[in-house]
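**Student:** Predicted model and sequence below, questions to follow.
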Amino acid sequence: MKSPERRLGGVVHVYQKFNPIRFPSPTQPMPDLVSPVMEHMLTFGSLRELSEEELARAVKLDPSMIAGLGPSLDAIIEMLKQKKAKILATYETDGVRAEAEQAYRKLGESLQPPETLRKRFERAFREEQIVDLERLWYLCGDEKGQFARQILRLTQRLGDKYLIDELAAEYAFTGKQRMSIPQALEIKEILKSIDRLLKQLEEARKNARVGVIDMEALQRFADEEDVGKLRGFMRQIRDLIRELAERQGLERGKGGYQLTPKAQRLFQGRLLERIFSCLQAARSGRHQGPIQGEGNVELPQTRPYEFGDSPAHMDIAGTFVNALIRGGPRLPVDLRQEDIFIHRTRNNPKCATTVLMDMSGSMRYGGLYVDVKRMALAMEGLIRKEYPGDYLDFVEMYSFARRVHPSEIAQLMPKSVTLYDPVIRLRADMGDPRITEMEVPLHFTNIQRGLQLARQLLEVQDTPNRQVILITDGLPTAHFEGRYLYLLYPPHERTEEATLREGLLCRRAGITINIFLLAGWSQTREDVQFAYRLAESTKGRVFFTAGKELDRYVVWDYLQRRRDIIA
């Protein structure tokens, strides 16, 4: 007798291109963790540490990296859609809408308002406006009185009517079962929760951002087993993100992740890649040269002291001689500002640029300040990588102006508006030691002081190729006259004249001013005309650009200018 044929048995494992312990596949490009973290910093200006959960919510992954892992998101989405469809096929809304209308009418018609408020009440009741009923409640005087309490109940009834009308308008109910008012409000909340979960799950399915899913809400609808699997899957995603964060320069501390210089360099590199991919411009090549310090070589020539000059370069002997000539040989020496002279200094870059970044209160509208900071990081990355011999500095401009280090750029934020008067005319004596910056409203725009500081930084650079890149959204509203700071709103011709005078001083120093005028909600013809006058005074140009395109325009203009210099 022939023995039965032997067959191979067992389970056949199919390779699905992932390792449940270590994923994604090594052939996949590394997900970008740095960009979402940097965008968070640019928007909020805070270096507060990010937790693992916050980082997982921010990061986008390629869905193909995690295909086959965890519970099926498609199955959960389908389950939620079926629950929603069942609710819509069960109930009808005509009855509960009529009930809500009747409850509001019945209570309103039973009220007996005081004679002084009768007409206002009848109008508010007829027009069904909650805001009018709220105003009526304030007019009652006695909030514990009977009519005031009745108005609150009527407002609640009207609010229920609004919510039920919204429910009927937003969802197409096809069933026949009638709902009560509390039941309708509960069903509305359930449908809203399902819609939010569907949106979160669709997003997670597109970019594997499972951190956006509200697990507490999902527990109300999904099986406990599926929720448990999804939680485990989210932990696995966080483990992956933790490993990738360390590779990309996100340093993990006790409270979460922090940016390191390596992460900032990666972000700048990606910014430049995006800019150049749009421009498709041939680069002019790099030149190597020593990076000189700012004004480290003192010259015999001196100049009068200007507000903001560093005392490190003060001509001490000449300053005291001036004080003795003016006040005579006596002790103590009466030293005044007009006695002080500063040594001129020099540096030797190929091209020198100072970027004035407007951080006044108006820059918060439309998020213009984020675009300015993104541009500044792109410029700093370009100079450091391609033209290390060039000089680049940044100045934050508001009611005052101050030089900022590139590492501070991400933290800059527009100043909070503290004055709302339609006309403001203020003067502050900043030479008075009792007055500090913190006692002065900071949300004004002091282009004059910004240009003055930029001129002081550029004058010491021994190169004929010097420029100021001014980025603002409108007219100046602050300026210095000696040690006095003027804050004038609406913009005053006195401020414009002081700013234009500073522009002429820049021209005499051989400094060109190029203005990038951002489109703001309050921009007028006067803003544009002033920008033209200021740029023309130094043979500069005015660029009109939306905020999102700012980094591309500034980098492109810098490259064009450098090609002209080399040629």
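**Tutor:** Good, I have the coordinates. Here the structure is a predicted model, which is why all the values come from computation and not from measurement.

**Student:** how deep is Lys539 tucked in, by neighbour count?
**Tutor:** 10 (other Cβ atoms under 10 Å). Using the backbone N, CA and C atoms, a C-beta is placed for each residue, glycine as well.

**Student:** and the residue nearest to it when sequence neighbours are not counted, what element?
**Tutor:** Distances taken as Cβ to Cβ, 6 or more residues apart in numbering put Thr512 closest to Lys539, at 6.2 Å, once the chain neighbours are dropped. Per DSSP states H and E, Thr512 falls inside strand 511-518.

**Student:** per-residue confidence for the residue nearest to Lys539?
**Tutor:** At Thr512, the model reports a pLDDT of 89.

**Student:** Just grab the bridge partners of it for me.
**Tutor:** Here Thr512 sits in beta bridges with Gln467, going by DSSP bridges.

**Student:** Spell out which residues sit in contact with it, please.
**Tutor:** 466-468, 506, 538-540 (Cβ atoms under 8 Å, 6 or more residues apart in numbering).

**Student:** ok, 10 Å please
**Tutor:** By Cβ atoms under 10 Å, 6 or more residues apart in numbering, Thr512 lies in contact with 353, 458, 465-469, 506, 535, 538-541, 561.

**Student:** any idea how far it lies from Ala85?
**Tutor:** According to Cβ to Cβ, to the nearest Å, Thr512 and Ala85 sit 66 Å apart.

**Student:** Met375 too?
**Tutor:** 49 Å.

**Student:** between the two, which one's more packed in?
**Tutor:** Neighbours per residue (other Cβ under 10 Å) separate Met375 from Ala85, with Met375 holding more: 26 against 11.

**Student:** which parts of stretch 503-515 are buried?
**Tutor:** 503, 505-507, 511-515 (16 or more other Cβ atoms under 10 Å).

**Student:** got a list of contacts for stretch 164-173?
**Tutor:** By Cβ under 10 Å, 6+ apart, stretch 164-173 touches 84, 87-94, 96-101, 179, 181, 184-185, 187-189, 191-192, 195.

**Student:** pull the helix or strand with minimum mean pLDDT from the chain.
**Tutor:** helix 52-58 (a mean of 58; mean pLDDT, DSSP states H and E).

**Student:** can you dump the C-alpha coordinates of the helix or strand following that one into CSV?
**Tutor:** Next in sequence after helix 52-58, counting helices and strands by DSSP H and E, comes helix 73-90. Extracted C-alpha coordinates of helix 73-90, given in CSV (Å, rounded to 0.1, in the frame of the first residue of the first chain):
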residue,chain,number,x,y,z
LEU,A,73,-7.6,53.0,10.7
ASP,A,74,-9.9,52.2,7.7
ALA,A,75,-11.9,49.8,9.9
ILE,A,76,-12.3,52.4,12.7
ILE,A,77,-13.3,55.1,10.2
GLU,A,78,-15.9,52.8,8.6
MET,A,79,-17.3,51.9,12.1
LEU,A,80,-17.7,55.6,12.9
LYS,A,81,-19.4,56.3,9.6
GLN,A,82,-21.9,53.5,10.2
LYS,A,83,-22.7,54.8,13.7
LYS,A,84,-23.3,58.3,12.2
ALA,A,85,-25.5,56.9,9.4
LYS,A,86,-27.5,54.8,11.9
ILE,A,87,-28.3,57.9,14.0
LEU,A,88,-29.3,59.9,11.0
ALA,A,89,-31.6,57.1,9.7
THR,A,90,-33.3,56.7,13.1
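
**Student:** Could you pull out the buried residues of the following helix or strand past helix 73-90?
**Tutor:** Sequence-wise, the next helix or strand downstream of helix 73-90 (DSSP H and E) is helix 94-110. Judged by neighbour count using 16+ other Cβ under 10 Å, the buried positions of helix 94-110 are 96-97, 99-100, 103-104, 107-108.

**Student:** next one: stretch 174-191
**Tutor:** 179, 181, 184-185, 187-188, 191.

**Student:** Could you identify the most distant pair in the residues you listed?
**Tutor:** The most widely separated members of these, counting by Cβ to Cβ, are Ile181 and Leu191 (15.9 Å).

**Student:** I figured Tyr138 hits Val131, correct?
**Tutor:** No. Judged on Cβ atoms under 10 Å, Tyr138 makes no contact with Val131 at a distance of 11.0 Å.

**Student:** Now for Gly318: which residues touch it?
**Tutor:** Gly318 neighbours (Cβ under 10 Å, 6+ apart): 302, 339-343.

**Student:** A helix includes Thr319, no?
**Tutor:** Yes. Per DSSP: H, G, I helix; E, B strand; the rest coil, Thr319 lies within a helix segment.

**Student:** For burial, what's the neighbour tally of it?
**Tutor:** 20.

**Student:** roughly how far apart are Arg483 and Met430?
**Tutor:** 5 Å.

**Student:** Please identify the buried residues of stretch 79-87?
**Tutor:** 80, 83-84, 87.

**Student:** now stretch 394-411
**Tutor:** Quick answer for stretch 394-411 (16+ other Cβ under 10 Å): 394-404, 406, 409-410.

**Student:** Ends of that stretch, what's the gap?
**Tutor:** 13 Å (Cα to Cα, to the nearest Å).

**Student:** That one: how far from the chain's middle?
**Tutor:** Centroid displacement of stretch 394-411 relative to its chain, using Cα atoms, centre = their mean, to the nearest Å, is 15 Å.

**Student:** one step back: Lys415: which of the buried residues of stretch 79-87 is nearest?
**Tutor:** Nearest to Lys415 among the buried residues of stretch 79-87, with distances taken as Cβ to Cβ, is Leu80, at 45.5 Å.

**Student:** if I pick the closest one, what's in contact with it?
**Tutor:** For Leu80, the contacting residues are 193-195, 197-198, 201, 218, 221-222, by Cβ under 10 Å, 6+ apart.

**Student:** Equivalent analysis for Ala184, please.
**Tutor:** 91, 93, 95-97, 99-100, 160, 163-164, 167-168, 178.

**Student:** where along the stretch 451-567 of the chain do the helices fall?
**Tutor:** 493-508, 525-536, 550-566 (DSSP state H, counting those that start in this stretch).

**Student:** What distance do you get for Asp527 to Arg402?
**Tutor:** 24 Å.

**Student:** Likewise for Arg425?
**Tutor:** With distances taken as Cβ to Cβ, Arg425 is found 25 Å from Arg402.

**Student:** okay, and for the stretch 151-300 of the chain, where does confidence drop off?
**Tutor:** Within the stretch 151-300 of the chain, the stretches with pLDDT under 70 are 207-212, 229, 233-234, 236-300.

**Student:** Where do the strands of it begin and end?
**Tutor:** 250-252, 257-259, 297-304 (DSSP state E, counting those that start in this stretch).

**Student:** Check the stretch 301-450 of the chain too.
**Tutor:** Under DSSP E, counting those that start in this stretch, the stretch 301-450 of the chain gives strands at 341-346, 352-358, 391-397, 401-404, 424-429.

**Student:** just checking, what packs against the second one?
**Tutor:** Put plainly, it is strand 352-358. helix 368-386, strand 391-397, strand 401-404, helix 447-459, strand 466-472, strand 511-518, helix 550-566 (3 or more Cβ pairs under 10 Å, 6 or more residues apart in numbering; DSSP states H and E).

**Student:** can you do 6 Å?
**Tutor:** Judged by 3 or more Cβ pairs under 6 Å, 6 or more residues apart in numbering; DSSP states H and E, the packing partners of strand 352-358 are strand 391-397, helix 447-459, strand 466-472.

**Student:** Let me have these in JSON lines, extended by distance to Gly328.
**Tutor:** Below are the helices and strands packed on strand 352-358 laid out as JSON lines (distance: least, Cβ to Cβ, whole Å):
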{"stretch": "strand 391-397", "distance to Gly328": "40"}
{"stretch": "helix 447-459", "distance to Gly328": "32"}
{"stretch": "strand 466-472", "distance to Gly328": "42"}
